[in-house]
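Colleague: what follows is a predicted structure for the sequence shown.
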Amino acid sequence: MSGSPANRGGLLGWLDARYGISPLIEFLREKEVPVGAHSMVWYFLGGATLFFLTVQIVSGVLLLMYYQPGQDTSWESIRYIVTQVPFGWLVRSVHCWSAHLMIVSLVVHMFSTMMLKAYRPPRELTWVTGFMLFSLVLGFGFSGYLLPWNELAFFATAVGTDSVKSVPLVGDWLLQVMRGGPDVTINTLYRFFALHVTILPILTIGLIAVHLLFIQRQGMAPPLGETRAPRGIRFFPNFLMRDLLLWLVCLALLVTLALLFPYGPSIPGFEWELGQKADPLAPAFPGIKPEWYFLWIYQLLKEFPPHLFGLEGAQVCLLVVIGLMLSWTLIPWLDRRARRNEPSPAFTDFGVGAILFLAFLTLKAWDIGGNAEATADGLPDPRAVAWTCAWILTALAGAITVLRIIVFQHRWFVLSGCALLQAVLHGLTGLSYLAAGAIAAAGGAIVVVFWLRRTGSAVPTRHGAEP
C-alpha cells in the first residue's frame with residue numbers, strides 16, 4: 001500500500017477523512033520487531049496468552065447463553081450444556097483447557113521477561129501491569145471454579161476462602177464479603193458469578209490496554225548491555241503473520257486436547273468433570289485440592305505448624321506469601337545492576353530458585369510417590385512423598401544447572417542452591433520444611449558473606465550471556 005489514505009478513495013480514505021487514521025497506518029508500516037537470539041522466541045508468548053484469553057471470552061459468551069446461576073439451576077444448566085446442547089461439551093472443554101493453557105503461557109512469559117531483564121528502565125510499569133494481569137487471571141480461575149456448583153468446586157471453594165480468615169484485623173470481614181455470609185452458600189455463587197463475568201473482565205481489558213500501550217510506546221526491550229534494540233522484521237505484515245501462524249498452532253493444540261481429554265487429564269487440580277451436585281449439608285470428602293496453579297500455596301499452608309512466633313501458622317504463611325509476591329513485583333527496583341544495564345546474575349538465579357521452590361511444593365501437593373494404596377489409612381505417606389519429590393527436584397536442578405553453565409556460562413547459584421538444599425534436607429534427612437528452609441537460608445547467607453570478604457562484590461563480576 002502506498003500513498004496517504006486521505007489521498008485515496010474507498011473505505012480507508014473515507015475513514016481517514018473522518019477519524020484521521022493516517023498516523024496509525026504509518027505507525028504499523030514503520031513498526032519493527034527486533035530479531036535476535038535474546039528475544040525472538042519469547043516475543044510470541046504474549047500473543048499466545050492473548051489468543052487463549054480471546055478463546056476464553058468467546059467460549060465464555062457461548063456458555064453464558066445457557067448457564068443460569070442459582071441453587072436449582074447452576075449444576076443443572078451445566079449438565080444440560082454438556083449433554084443436550086450440540087457441541088456444548090466441546091465448548092466447555094475448550095473453555096477449561098484454554099484457561100489452563102493461558103495460565104501456562106502467562107507464567108512462561110513472565111519468567112522469560114524476568115530472565116531477559118526486560119523490566120529495566122523505562123519499562124518498570126510494564127512489568128508491574130503484567131504481574132497485575134497475572135493476578136487477575138488467577139482471580140478468573142478461582143471465581144470460575146465454583147460456577148458448576150458441584151461437590152468438588154463447593155468444598156474446594158470453602159477451603160480456599162477459609163484461608164482469608166488469616167488476614168490480620170480484617171480477615172473475618174473479608175471472609176464475609178467473599179462468601180456473602182459466614183459459610184459458602186448460593187450467595188457465594190452469585191458473588192463469584194458477578195466477579196467472573198463482569199468485574200474481572202472489565203479490569204482485565206482495561207489493564208491489557210494499558211499494558212499494550214506501554215509496550216507500543218516504549219517498544220521491545222533491547223538485549224542486556226545495549227541501549228537500543230537491534231533492527232528486525234516489520235511488525236506488519238511479517239511479524240503479524242508469524243503471530244497468526246502461532247495462533248493456528250495454539251488452536252490446533254487446544255482443540256486436540258479438548259477432544260482427547262474433554263474433562264481434563266485426571267490430575268488433581270487439573271480436572272473439571274461435572275460430578276455430583278453440591279450439597280452444603282454433606283461432609284467434605286478427603287483429598288480436596290485447588291487448581292494446580294494454587295497448589296504451592298496449598299502445600300505451603302500445610303508445612304506451617306498451628307502456631308508460630310505468637311501467631312497462627314496460617315497467618316505467618318500468608319505474610320510469607322505476601323512478602324514473596326511483593327518482592328516479585330518490586331524486582332525492577334531491587335535489581336540495581338539491571339537498572340545500570342549490567343548483567344545481574346543474582347536475579348537470574350533468583351528466578352531459577354523461584355522455579356525450584358514452586359516446583360517442589362507443587363510436586364508435594366500432588367502426593368507423588370506417596371503410595372496411598374499401601375498405607376493402613378489409605379492416605380499418602382508424607383515422608384515417602386517428600387523423599388520422592390526431593391530426588392525429582394535434584395534431577396531437575398541438576399539439568400538446569402548444567403544448561404546454565406554450558407550455554408550461558410553462569411557462575412552464581414546461591415539462591416537456587418538454597419532452594420535445592422531445603423528440598424534435600426527436608427526430603428532426604430527428614431527435617432521439617434521450615435527447619436530445612438532456615439538451614440538453607442543460613443547457608444546461603446554464609447556463602448554471600450564469604451564471597452563479599454573474598455572479592456568485595458556480592459556477585460561475580462564476570463558473567464556469561466543472560467538467558
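Modeller: Ah, there it is.

Colleague: please make it C-alpha for all contacts and neighbour counts, starting now.
Modeller: Fine.

Colleague: list the buried ones in stretch 391-410?
Modeller: 391, 392, 393, 394, 397, 401, 404, 410 (16 or more other C-alpha atoms under 10 Å).

Colleague: again with stretch 181-199
Modeller: Counting neighbours by 16+ other C-alpha under 10 Å, stretch 181-199 gives 183-190, 192-193, 195-197 as buried.

Colleague: so what would you say the end-to-end distance of it is?
Modeller: Start-to-end span of stretch 181-199 (C-alpha to C-alpha, to the nearest Å) is 20 Å.

Colleague: residues making contact with it?
Modeller: 69-71, 140, 143-144, 146-147, 149, 154, 157-158, 175-176, 178-180, 280 (C-alpha atoms under 8 Å, 6 or more residues apart in numbering).

Colleague: let's see that with 7 Å instead.
Modeller: Outside stretch 181-199, the residues that touch it by C-alpha atoms under 7 Å, 6 or more residues apart in numbering are 69-71, 140, 143-144, 146-147, 158, 176, 178-180.

Colleague: same question, stretch 101-113
Modeller: Contacts of stretch 101-113 (C-alpha under 7 Å, 6+ apart): 42, 45, 46, 48, 49, 52, 53.

Colleague: name the SS class of the closest residue in space to residue 342 that isn't next to it in sequence, please.
Modeller: Take residue 342 and drop its neighbours on the chain: the residue closest to it by C-alpha to C-alpha, 6 or more residues apart in numbering is residue 225, 5.8 Å away. Assigned state for residue 225: coil (three-state reduction, DSSP: H, G, I helix; E, B strand; the rest coil).

Colleague: buried stuff in the host helix or strand of residue 314?
Modeller: Here residue 314 sits within helix 313-329, counting by DSSP states H and E. Within helix 313-329, the residues scored as buried using 16+ other C-alpha under 10 Å are 313, 314, 315, 316, 317, 318, 328, 329.

Colleague: so which of the residues you listed is the closest to residue 212?
Modeller: Comparing the buried residues of helix 313-329 against residue 212 with C-alpha to C-alpha picks out residue 329 as the nearest, at 18.4 Å.

Colleague: tell me the pLDDT of that closest one.
Modeller: Reported pLDDT at residue 329 in the predicted model: 95.

Colleague: hmm, back to that, which ones among the contacts of stretch 181-199 map onto helices?
Modeller: If you go by DSSP state H, the contacts of stretch 181-199 have 140, 143, 144, 158, 176, 178, 179 in helices.

Colleague: neighbour count and distance to residue 447 added to those residues, as JSON lines?
Modeller: Formatted as JSON lines, the ones in helices among the contacts of stretch 181-199 follow (neighbours: other C-alpha atoms under 10 Å; distance: C-alpha to C-alpha, whole Å):
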{"residue": "140", "neighbour count": "20", "distance to residue 447": "41"}
{"residue": "143", "neighbour count": "21", "distance to residue 447": "44"}
{"residue": "144", "neighbour count": "18", "distance to residue 447": "45"}
{"residue": "158", "neighbour count": "18", "distance to residue 447": "43"}
{"residue": "176", "neighbour count": "17", "distance to residue 447": "47"}
{"residue": "178", "neighbour count": "19", "distance to residue 447": "45"}
{"residue": "179", "neighbour count": "22", "distance to residue 447": "47"}
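
Colleague: now do the phi/psi pair for the spatially most central residue of the chain.
Modeller: Central residue of the chain (C-alpha atoms, centre = their mean): residue 107, 4.1 Å from the mean position. With angles defined as degrees, to the nearest 10, residue 107 sits at phi -60, psi -50.

Colleague: residues contacting the spatially closest residue to residue 162 that is not a sequence neighbour?
Modeller: Among residues not flanking residue 162 along the chain, residue 175 sits closest, at 7.0 Å (C-alpha to C-alpha, 6+ apart). For residue 175, the contacting residues are 161, 164, 165, by C-alpha under 7 Å, 6+ apart.

Colleague: which of those residues are buried? Put it as a PyMOL command.
Modeller: Of those, the buried ones can be selected in PyMOL as follows, counting by 16+ other C-alpha under 10 Å:
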select buried, resi 161+164+165
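
Colleague: just the ones of the contacts of residue 175 in helices?
Modeller: residue 161.

Colleague: what's the closest of the contacts of residue 175 to residue 267?
Modeller: residue 161 (22.2 Å).

Colleague: please report how far the residue lying closest to that closest one once chain neighbours are set aside lies from residue 169.
Modeller: Once flanking residues are discounted, residue 161 sits nearest to residue 175: 6.7 Å by C-alpha to C-alpha, 6+ apart. Noted for residue 175: a distance of 12 Å to residue 169, by C-alpha to C-alpha.

Colleague: out of the helices and strands in the chain, which is least certain?
Modeller: The weakest-scoring helix or strand in the chain, judged by mean pLDDT, DSSP states H and E, is strand 32-34 (a mean of 71).

Colleague: what sits up against whatever helix or strand comes next after that one?
Modeller: Going down the chain from strand 32-34, the next helix or strand is helix 43-64, by DSSP H and E. Helix 43-64 has contacts (C-alpha under 7 Å, 6+ apart) with 91, 95, 98, 99, 102, 105, 106, 109, 243, 247.

Colleague: quick one, strands of the stretch 301-450 of the chain?
Modeller: Secondary structure of the stretch 301-450 of the chain by DSSP state E, counting those that start in this stretch: the strands cover 307-308, 311-312.

Colleague: how about those in TSV, adding mean neighbour count, mean pLDDT and distance to residue 366?
Modeller: Below are these laid out as TSV (neighbours: other C-alpha atoms under 10 Å; pLDDT from 0 to 100; distance: least, C-alpha to C-alpha, whole Å):
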stretch	mean neighbour count	mean pLDDT	distance to residue 366
strand 307-308	12	87	25
strand 311-312	14	86	25
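
Colleague: closest to residue 421 out of those?
Modeller: With C-alpha to C-alpha as the measure, strand 307-308 is the member of the strands of the stretch 301-450 of the chain nearest residue 421 (22.7 Å).

Colleague: which residues of the stretch 101-250 of the chain score low on pLDDT?
Modeller: 227-231 (pLDDT under 70).

Colleague: just the helices in it please.
Modeller: With helices called from DSSP state H, counting those that start in this stretch, the stretch 101-250 of the chain shows them at 124-144, 151-162, 171-179, 186-194, 200-218, 240-260.
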